[in-house]
Structure formats: structure tokens, C-alpha cells
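Participant: Please work out how this folds:
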Amino acid sequence: MLGKVGVELIFLGTMILAGFMAYNIRLYALKTYGLVIHEFDPWFNFRATQYLSDHGWTAFFHWFDHESWYPLGRPVGTTIYPGMQISAVALHEGLNYLGYKISLNDVCCYMPAWFGVSATMFLGLLARECTGSSISGAIAALIMSIIPAHIMRSVGGGYDNESVAMTTMMMTFFLWCRALRGSQKSPDAPTASSKFFGFLCGLAYIYMAAAWGGYVFVLNMIGCHAAVLVIMGRFTPSLHFAYTLFYIIGTAGATRVPVIGMTPLRSLEQLPCLAIFGGLQLLELTRRVALRKKLDEYQTNMLRLQVFGVAGCVAAAIIAYLAPTGYFGPISSRIRSLFVPHTRTGNPLVDSVAEHQPANPQAFWQYLKELCYVAPVGFALTLYPLNDAKLFLTSYAAVAYYFSLKMARLLILIGPIVSALGGLAFGFALEWAYAQWLPKTSDDADKQKSSKKDTKTPFDRLMIIYNSPIISLARKTAAVFLVLYPLSYVLPFYDYCQQMGEAMSGPSIMYKGQLQNGQTIIVDDYREAYWWLRDNTPQDSRVLAWWDYGYQIAGIANRTTIADGNTWNHEHIATLGRCLVSPEKTSHKMVRHIADYILLWAGGGGDDLAKSPHMARIGNSVYNDICPDDPTCQAFGFMGSHMQPTPMMEKSMLYRLHNHGKGGTSADSNLWENVFNSKFGKVRIFKVKNIDKESKAWVANPDNRICDAPGSWYCTGQYPPKFAKFMKKRKAFQQLEDFNVKKDKDAKEYNEKYMAKMAGGK
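Facilitator: Numbers count the residues shown, from 1 in each chain. Presented below is the predicted three-dimensional model:
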């Protein structure tokens with residue numbers, strides 16, 4: 001028999017193996033393409049990390065970047081989740097201090113793989129804590145190490161917030177569940193675990209809040225679990241103490257993150273957890289009063305009714321007072337999309353992003369494979385026997401499954417819980433199978449003999465049948481099947497995960513291609529274009545490009561951009577869209593005031609021409625004269641089976657520059673000069689002729705910025721006066737939100753038409 005020490009050694013060895021697997025599967029991109037930052041957002045993250053490393057903590061949090069979102073700029077220090085940047089700089093300085101010489105770029109490239117390992121470790125600990133089984137925890141870690149739903153945001157070079165956040169999330173969840181250990185055995189006083197681990201859980205949550213906007217999910221997940229425990233009659237002083245420490249410490253720390261501020265106490269997305277905090281205080285208060293006065297159950301319930309009634313009235317009065325003042329923050333478009341019964345949010349900018357669309361069954365199969373069938377078995381096993389920690393897995397599974405159905409990007413949330421449920425299912429099967437082949441001890445034999453003598457209950461008679469020789473043989477046969485059958489899927493699943501890991505490791509900034517002669521090449525057009533900008537344009541050059549590429553232009557070319565993936569200003573992006581989709585001469589009249597160069601992706605597939613209908617819709621949501629009486633801008637797009645451009649598209653600046661020199665199409669040489677075409681035609685750069693130097697000088701003058709106080713670092717830029725005439729018909733998009741703000745007649749009509757046409761109506 002395996003003793004406790006043997007089981008723990010197996011757990012430790014398996015965790016080490018899982019860590020090795022997690023690290024190795026995330027290095028495909030680094031081995032193939034070298035130590036290169038991938039995608040779009042990671043380039044902003046790296047640029048911010050470099051700024052923190054070069055200028056220090058104070059300058060970082062007072063950084064107003066006038067080289068992005070031109071001419072407005074962006075206060076980076078107060079609009080970024082800095083946990084990842086702080087971690088990278090700390091690792092870089094720590095490793096170099098210890099004598100391991102490594103560049104900041106290399107640290108950022110390796111970090112997703114490192115944190116993929118740590119997330120795997122904490123998931124294994126979480127699964128063991130919730131299931132009470134080291135075998136289940138070990139198997140869960142093995143699954144987590146290679147499951148595509150986790151790899152998708154943690155490949156080497158993918159320096160994105162989620163790669164760090166999965167570690168902080170699993171750490172917070174583990175410490176929360178650990179804080180509840182033994183709570184049901186201590187009904188009158190909090191356990192030492194609830195105090196110590198509740199405190200650590202609050203600290204871990206601060207790290208989570210600093211790392212990713214998904215901290216809201218973590219907060220609500222723990223709040224949801226606490227509420228479920230109360231509803232199921234499992235309230236204990238330990239639950240109260242653990243949640244109190246978590247919420248007070250975590251919220252106090254989270255509010256110190258500039259981008260979060262006081263939103264935990266104002267946002268409708270986070271206030272339910274404040275209500276749960278208040279409810280737990282009232283439950284503990286009434287418990288202590290009832291204990292001191294020795295009240296019976298009926299008297300205790302009446303006391304609770306009175307206390308909650310008064311508290312409810314006070315809360316209602318506070319809400320009634322604060323609501324008209326605008327104190328409570330609205331629910332964002334992305335959060336609303338998780339609850340509305342359709343696939344559109346009413347915001348064409350949000351709707352244009354593919355990962356904000358609902359996940360389909362194929363996506364679940366792609367990222368979970370056979371675990372789609374195993375996870376429900378594990379979910380059923382969480383329901384019996386019940387304990388506080390196991391109910392966390394039940395709650396997490398239900399919530400994560402719902403959210404991942406509503407938004408493809410949130411499939412990342414379901415990877416850990418599916419791993420835990422898979423570990424529970426396989427661990428239960430292995431432990432049961434192992435038990436069937438164990439030789440019976442003398443105690444087991446005595447129990448079997450005594451059960452034969454005492455057959456007073458149906459259960460006793462069933463146990464006699466269960467332990468009979470025939471059924472015992474059947475159980476041993478079933479045990480062999482339960483072990484061998486899943487093993488037949490292990491290698492295919494492992495191979496599939498390796499294939500997915502390699503496929504998801506391919507960066508969008510460069511990729512493998514194949515020439516007609518079969519030769520494999522590396523297409524590096526995008527960096528080639530950015531390097532050209534860096535080496536061949538003045539330092540103060542302004543580059544107009546769709547917002548997708550802003551981070552890469554700023555990070556690699558080190559040039560001023562009009563917009564980027566932060567997408568904080570819908571109206572500004574709509575103005576950019578208007579510039580791109582307007583007729584060529586009209587566009588030039590606008591662009592000459594805000595840009596020196598125009599960069600287009602032009603290599604087919606998902607290039608700018610393919611994205612241009614989204615640009616038109618986004619522009620039209622603010623400038624409704626682009627496509628009058630047509631919120632979806634169906635006049636701008638492609639028509640026919642040959643995907644010919646509509647007349648409106650064909651006249652646009654974007655189309656003229658994109659197709660310049662192709663099929664008889666040419667850009668006006670009096671307005672633009674084609675100065676660069678990448679090797680494989682993926683990127684084109686045009687110089688804007690006859691730029692308005694007066695407008696450029698006006699924006700560059702610090703006196704024309706609006707500061708929040710004299711001498712402050714927070715100074716917002718303004719559009720040059722000559723550009724203002726092009727913005728007269730701009731309508732703030734906030735007026736079009738369908739939930740947050742009361743709509744006027746025009747806004748309501750716009751929203752109804754948009755939703756109807758996006759749903760296929762006329």
C-alpha cells in the first residue's frame with residue numbers, strides 16, 4: 001500500500017513533471033523565430049516595461065505619452081495595469097544582480113513560459129485543496145500544463161497581461177480555498193487558517209488587480225462562492241473572517257492601482273461583493289448576539305430578519321441619494337455583452353473584435369478536446385460529498401462556462417477549471433481502481449463478517465452483494481478498464497496539445513510561408529516596414545494607421561501614432577475611420593493636419609481593405625453623415641460573388657492607396673507618395689504631401705495642452721484649430737449606449753437600426 005509519504009512523493013514528482021511540460025510546450029516560437037515579442041498588445045507592454053526600467057517608479061506613474069493617440073496623448077501611468085511591467089523589471093534586475101546576465105527583452109519573452117509553469121503549480125495545489133486528493137491535484141496539474149485553453153495566452157514571446165494574471169488568479173483562488181479548510185469543524189470561532197491564509201489571499205488579490213482587468217472576475221468569483229456557502233447554510237466564523245480579510249486588504253490594495261482607483265466602491269460590476277461583505281458582517285453580528293443571549297433558532301432568525309430589514313432600508317436610502325449624482329459607474333459594453341441575449345453590443349468598435357464574439361462548440365473542442373466529455377463527470381463529483389472548497393469548483397465551473405459561451409476570449413477562464421475537473425474525474429477513477437486490487441486487511445475482513453451477521457437494513461444487504469466474489473471480480477475488471485481506457489487517449493491528447501502549442505506560438509508579426517516552388521520562408525514584412533519608418537523618417541513623424549498597429553509602430557518604429565489597442569476614445573477612433581474611408585481628396589484635407597505618413601496592411605487576408613467595412617461602421621457611429629440613415633454602412637463594402645468594391649469604397653482613400661498600381665487603380669500623386677512597399681507586399685507606406693506645418697507646430701507647443709493643474713504632468717493635447725471644422729458633425733458615442741445612458745430619439749433610432757441590420761434585417 002502507498003502510505004501518506006508515498007502519495008506526497010508522487011504528487012511532488014508529478015508537479016515537477018508538469019512544470020517541465022508547461023515550460024517546454026511554450027517555447028516553440030522562441031526556438032523557431034528567436035526572442036521576439038509577438039502580436040500587438042505585447043509591444044505596448046514591452047514599451048511600458050522599458051520606460052519603467054529606464055525612468056523609474058515615479059516617472060512611470062506620471063507618464064503622459066504624447067507620442068500615442070495623437071494629438072490628444074494618453075496618461076499611461078493611470079490607464080495601465082502595471083503588475084506585469086513591475087514583475088518583469090523586478091525579474092530583470094534580480095537575475096542580473098545574481099549574476100545571470102539577461103536583457104529586458106529576453107525576460108519579457110520568457111515570462112509567459114515562466115508564469116505558465118507557476119500557474120500550473122497553483123492549479124495543482126488548488127485542485128488538491130478542493131478535492132482532498134493529491135492524485136487528483138497531480139493529474140490536474142498535468143492537464144493544465146498543456147491544455148490549449150491555457151497555452152493560448154502564455155506562449156513564449158506573448159508578453160501579455162493574461163500570462164501573468166493566470167498565475168495570480170490561481171494563487172488567489174488557492175489561498176481562498178485554503179483559508180476555508182476546517183471551517184465546518186469550528187462553528188464557534190475562526191480557524192487559524194482563515195486568519196493566515198485569508199490575509200495572504202488579500203495580498204494575492206492585490207497582485208491580481210495590478211496585473212489584469214480580469215481581477216473583476218476573481219473578485220466576483222470569490223464573492224459568488226461566499227454567497228453560495230451562505231445560501232447552503234454553511235456560514236461559519238471562518239468564512240466571515242477569511243472573506244473580511246480578503247475584501248478589506250484586497251480592496252484597499254486594489255484602490256492604490258491608479259487605473260482602478262475607487263471603482264470597487266462605485267462600479268456596478270463590483271458592488272455586489274461589497275454587499276456580500278456587508279451581509280457577512282450582519283450574519284456574524286447576529287450570530288454573536290444570539291450566542292450571548294442564548295437565543296433559539298426561531299429567535300435567531302427573527303433577529304436576522306430585523307437586522308437585515310433595517311440594513312436594507314439604510315442601503316436603499318444611500319442608493320437613492322447617490323444614484324442621481326452619478327456616483328455609480330456604468331456597466332461597460334464588454335460586460336454587458338456577457339448578459340444580453342444577442343451577439344451584438346450596439347457598439348461597432350466592440351463588435352468588430354473577433355474575440356469578443358460568442359464561442360461556438362468548435363472552439364470548445366479545439367481548446368479542450370476530450371476534456372469536454374471528462375469535465376462534466378468531474379463536475380458531478382464536486383456535488384458529493386460536499387465541502388466548502390469543493391463547492392468552489394462547482395461555482396467556478398458554472399460561472400466560467402457561462403462566460404466562455406458568451407465571449408470567445410474568455411475561454412482562457414475555463415482552462416483551469418476544466419483541468420481541475422479532469423483531475424478530479426481521473427483521480428477518483430484511479431483511486432477507486434487501486435482500492436479494488438488492494439489486499440483486504442484484517443479490519444476489512446472483520447467488517448465483512450460482521451455485516452453478514454447483521455443484515456437489518458437494505459444498505460447492509462447491498463454491501464453483502466457488493467463484496468460478493470462475483471461482484472468483486474466485476475469491480476476488478478471495471479477497475480482495469482477505468483485505468484486502461486483513458487490511457488488510450490493520453491498520447492493522442494498530448495500530441496494534439498503539442499500541435500496546438502506550436503500552432504498558437506506562431507506570431508502575427510512574422511510567420512512561415514511557402515513560395516510556389518515549395519521553399520519555406522519567414523515573412524517578416526511588418527517589422528521590415530516598422531524598421532523602415534524608424535530609419536528613414538524624422539523622429540517627430542506622425543504615422544496614421546488603423547488602431548490595430550499602433551502599439552507595434554510605437555514599440556518598434558518609435559514613431560507617433562494616431563490610435564492603438566487601448567481603444568479608450570471611441571470618438572477619436574471614429575475620426576480615424578472617417579479619414580480612411582472618406583473620398584481621397586476629402587481625406588487628404590483632414591489627414592494633412594494630423595499625419596506625415598500613412599501605413600496600410602495590404603497583403604490580403606485580414607488586411608486593411610478587409611477591415612474597412614468595420615472602419616466605416618465605427619466612423620458612422622459618431623459621424624452619421626458618412627452613411628446617412630445606414631448605421632451598418634452597407635454602402636461601403638464588397639458586392640457580388642467576385643467581391644468587387646462598392647462605388648463608395650472604390651472612391652475611398654484607403655482603397656486608392658491599398659490598390660495603388662494594381663488593376664488600373666492609382667493614388668493621386670499630388671496628395672500622396674508611395675515611399676515603401678514591403679518584400680512580400682504585406683505593408684505599404686505613403687508620405688502625405690503638403691502637410692499643414694502650422695497645425696503640426698500648434699500641437700507640439702506645450703502651451704496648447706490642457707493641464708488639470710498648473711505645472712501638472714497630466715496635460716491633454718488638443719486637435720489643431722484647422723482640424724476642428726472637420727469634426728463639427730461629431731456626436732459623442734456615449735449618447736448611443738443602450739443601457740448606461742438615457743437615449744434621445746435619434747440615438748434610440750440609430751441603435752434599433754444597427755441591431756436589426758447586424759442581425760440580418762433590412
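Participant: hey, let's count contacts and neighbours off CA atoms from now on
Facilitator: OK.
Participant: Spell out the residue ranges of the strands in the protein.
Facilitator: 64-65, 74-75, 511-514, 520-523, 542-544, 560-561, 597-601, 638-639, 644-645, 672-677, 683-688, 706-707, 715-716 (DSSP state E).
Participant: would JSON lines of these with distance to V314, mean pLDDT and mean neighbour count be doable?
Facilitator: Below are these laid out as JSON lines (distance: least, CA to CA, whole Å; pLDDT from 0 to 100; neighbours: other CA atoms under 10 Å):
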{"stretch": "strand 64-65", "distance to V314": "42", "mean pLDDT": "96", "mean neighbour count": "18"}
{"stretch": "strand 74-75", "distance to V314": "38", "mean pLDDT": "94", "mean neighbour count": "22"}
{"stretch": "strand 511-514", "distance to V314": "60", "mean pLDDT": "84", "mean neighbour count": "12"}
{"stretch": "strand 520-523", "distance to V314": "64", "mean pLDDT": "88", "mean neighbour count": "13"}
{"stretch": "strand 542-544", "distance to V314": "53", "mean pLDDT": "97", "mean neighbour count": "26"}
{"stretch": "strand 560-561", "distance to V314": "50", "mean pLDDT": "97", "mean neighbour count": "28"}
{"stretch": "strand 597-601", "distance to V314": "57", "mean pLDDT": "96", "mean neighbour count": "23"}
{"stretch": "strand 638-639", "distance to V314": "58", "mean pLDDT": "86", "mean neighbour count": "16"}
{"stretch": "strand 644-645", "distance to V314": "61", "mean pLDDT": "90", "mean neighbour count": "14"}
{"stretch": "strand 672-677", "distance to V314": "65", "mean pLDDT": "96", "mean neighbour count": "16"}
{"stretch": "strand 683-688", "distance to V314": "61", "mean pLDDT": "97", "mean neighbour count": "23"}
{"stretch": "strand 706-707", "distance to V314": "40", "mean pLDDT": "94", "mean neighbour count": "15"}
{"stretch": "strand 715-716", "distance to V314": "41", "mean pLDDT": "94", "mean neighbour count": "21"}
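Participant: Nearest to N161, out of those strands?
Facilitator: strand 74-75 (18.7 Å; CA to CA).
Participant: How far off centre is that closest one?
Facilitator: 22 Å (CA atoms, centre = their mean, to the nearest Å).
Participant: hey, which helix or strand in the chain has the poorest pLDDT?
Facilitator: Counting by mean pLDDT, DSSP states H and E, the chain has its least confident helix or strand at helix 442-453, which shows a mean of 51.
Participant: Using JSON lines, please lay out the strands of the chain together with distance to A242.
Facilitator: Shown next, in JSON lines, are the strands of the chain (distance: least, CA to CA, whole Å):
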{"stretch": "strand 64-65", "distance to A242": "39"}
{"stretch": "strand 74-75", "distance to A242": "36"}
{"stretch": "strand 511-514", "distance to A242": "48"}
{"stretch": "strand 520-523", "distance to A242": "53"}
{"stretch": "strand 542-544", "distance to A242": "51"}
{"stretch": "strand 560-561", "distance to A242": "47"}
{"stretch": "strand 597-601", "distance to A242": "52"}
{"stretch": "strand 638-639", "distance to A242": "58"}
{"stretch": "strand 644-645", "distance to A242": "61"}
{"stretch": "strand 672-677", "distance to A242": "60"}
{"stretch": "strand 683-688", "distance to A242": "55"}
{"stretch": "strand 706-707", "distance to A242": "43"}
{"stretch": "strand 715-716", "distance to A242": "43"}
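Participant: what residue ranges in the stretch 251-400 of the chain score low on pLDDT?
Facilitator: By pLDDT under 70, the weakly predicted segments of the stretch 251-400 of the chain are 331-357.
Participant: Correction: the previous question concerned the chain.
Facilitator: 1-2, 331-357, 439-456, 459, 734-748, 752, 756-762.
Participant: need the longest helix for it.
Facilitator: helix 469-504 (DSSP state H).
Participant: what's the burial count for the closest residue in space to L430 that isn't next to it in sequence?
Facilitator: Spatial nearest neighbour of L430, excluding adjacent residues (CA to CA, 6 or more residues apart in numbering): V483 at 6.5 Å. Neighbours of V483 under the rule other CA atoms under 10 Å: 17.
Participant: residues contacting V483?
Facilitator: A429, L430, A433 (CA atoms under 8 Å, 6 or more residues apart in numbering).
Participant: Pick out whichever of the residues you listed sits closest to K731.
Facilitator: A429 (61.1 Å).
Participant: In space, what's closest to L104 - neighbours in sequence excluded?
Facilitator: Using CA to CA, 6+ apart, the closest residue to L104 is H92 (6.0 Å).
Participant: Ok, L180 next?
Facilitator: In space, and not counting its chain neighbours, L180 is closest to S194: 5.9 Å by CA to CA, 6+ apart.
Participant: What count of nearby residues applies to the one you found?
Facilitator: Residues within reach of S194, counting by other CA under 10 Å, total 30.
Participant: same question, the one 4 residues further on
Facilitator: If you count neighbours by other CA under 10 Å, G198 ends up with 30.
Participant: now do the one 5 residues further on
Facilitator: The number of residues packed near L203 is 22, by other CA under 10 Å.
Participant: hang on, isn't it packed against G250?
Facilitator: Yes. Assessed by CA atoms under 8 Å, L203 is found in contact with G250 at 6.1 Å.
Participant: between the strands of the chain, which gets nearest to T255?
Facilitator: strand 74-75 (17.6 Å).
Participant: Name the residues that touch stretch 289-296?
Facilitator: By CA under 8 Å, 6+ apart, the surrounding residues in contact with stretch 289-296 are T300.
Participant: again, only using 10 Å
Facilitator: 188, 283-288, 297, 299-301, 303-304 (CA atoms under 10 Å, 6 or more residues apart in numbering).
Participant: Just the buried residues of these.
Facilitator: The neighbour-count test (16 or more other CA atoms under 10 Å) applied to those identifies L283, E284, T286, R287, T300, L303, R304 as buried.
Participant: Could you list which residues are in contact with the last one?
Facilitator: Listed by CA under 10 Å, 6+ apart, the contact set of R304 reads L282, L283, L285, T286, R287, A290, Y298, V310.
Participant: From K294, how far off is it?
Facilitator: 14 Å (CA to CA, to the nearest Å).
Participant: now swap in T286 and tell me
Facilitator: 11 Å.
Participant: Give me the common contacts of these two.
Facilitator: With CA under 10 Å, 6+ apart as the test, T286 and K294 both reach T300.
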